[in-house]
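# Here is the input, now give the coordinates:
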Amino acid sequence: MRTFIAAELGETVLAGLTKLMAELKPFGREIRWAKPQGIHLTFKFLGEITPNQIVGIDEALSRAVAECEPCQIKAGTLGGFPDLKRPRVLWVGLDNRQALENIHRPVERELAQIGFPPEKRAFRPHLTLGRIKSPRAWSQVYPHVEKRKDFSAGDIFIDHLVFFESRLRPSGAEYIKFKEYPFQG
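Numbers count the residues shown, from 1 in each chain. Got it, this is the predicted structure:
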């Protein structure tokens, strides 16, 4: 089973992201847009795991959230990976990076102790809006993204993490919650 650890966004932010994507979709038909209900803030992608690993992951996450404190962040400002000139991914950025690092760090550490290696890339918290299929697709939507670059979707209050399973279906990914982990810090 394919799994990851993430924070949920809340209705206000999801509504803001949905509205933005609806504005951009007519100009970016060749962009694979995210389904709003599938957008979340990922702290750790675990990939394929076996049922035998679930107990260890559960224990590691319980230890990690003992250090985490609730925080509020703002979702806004459009960006892309590797950049907005020729992105493969269009995303919305997040502020309060230190608070997000304070969640990410213990999650990485505790999961590394049970065999999930830390990411080689730096943690870049973001909310994925879409994946760009071609430079042509990007050239059509870019002027509209540029106009909305300083977009804001609102505030996200993070007070727990969720252990998710991701089931890939022909209609897109389906996300199933294994367990929620309220912050203890």
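# For the residue positioned nearest the centre of the chain, give the beta-bridge partners.
By C-alpha atoms, centre = their mean, the chain has its centre lying nearest to L41, at 2.9 Å. With DSSP bridges applied, L41 shows beta-bridge pairing to A7.
# How much space separates it from L94?
For L41, the distance to L94 equals 7 Å [C-beta to C-beta, to the nearest Å]. All C-beta spots, glycine's among them, are computed from the backbone N, C-alpha and C.
# Find residues that contact each of these two.
Counting by C-beta atoms under 8 Å, 6 or more residues apart in numbering, the common neighbours of L41 and L94 are 100, 125, 127, 156.
# G79: which of those is nearest?
Distance to G79, by C-beta to C-beta, is smallest for L127 among the shared contacts of L41 and L94, at 10.2 Å.
# quick one: least confident helix or strand in this structure?
Scoring the helices and strands of the chain by mean pLDDT, DSSP states H and E places helix 135-147 at the bottom, with a mean of 89.
# Now it - C-alpha only, CSV.
C-alpha atoms of helix 135-147 as CSV (Å, rounded to 0.1, in the frame of the first residue of the first chain):
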residue,chain,number,x,y,z
PRO,A,135,5.8,23.9,-22.5
ARG,A,136,2.9,24.8,-24.8
ALA,A,137,0.4,24.1,-22.0
TRP,A,138,2.4,26.4,-19.7
SER,A,139,2.7,29.2,-22.3
GLN,A,140,-1.1,29.4,-22.5
VAL,A,141,-1.7,29.6,-18.7
TYR,A,142,1.4,31.6,-17.6
PRO,A,143,0.0,35.1,-18.3
HIS,A,144,-3.0,34.3,-16.1
VAL,A,145,-0.8,32.8,-13.4
GLU,A,146,1.4,35.9,-13.5
LYS,A,147,-1.7,38.1,-12.9
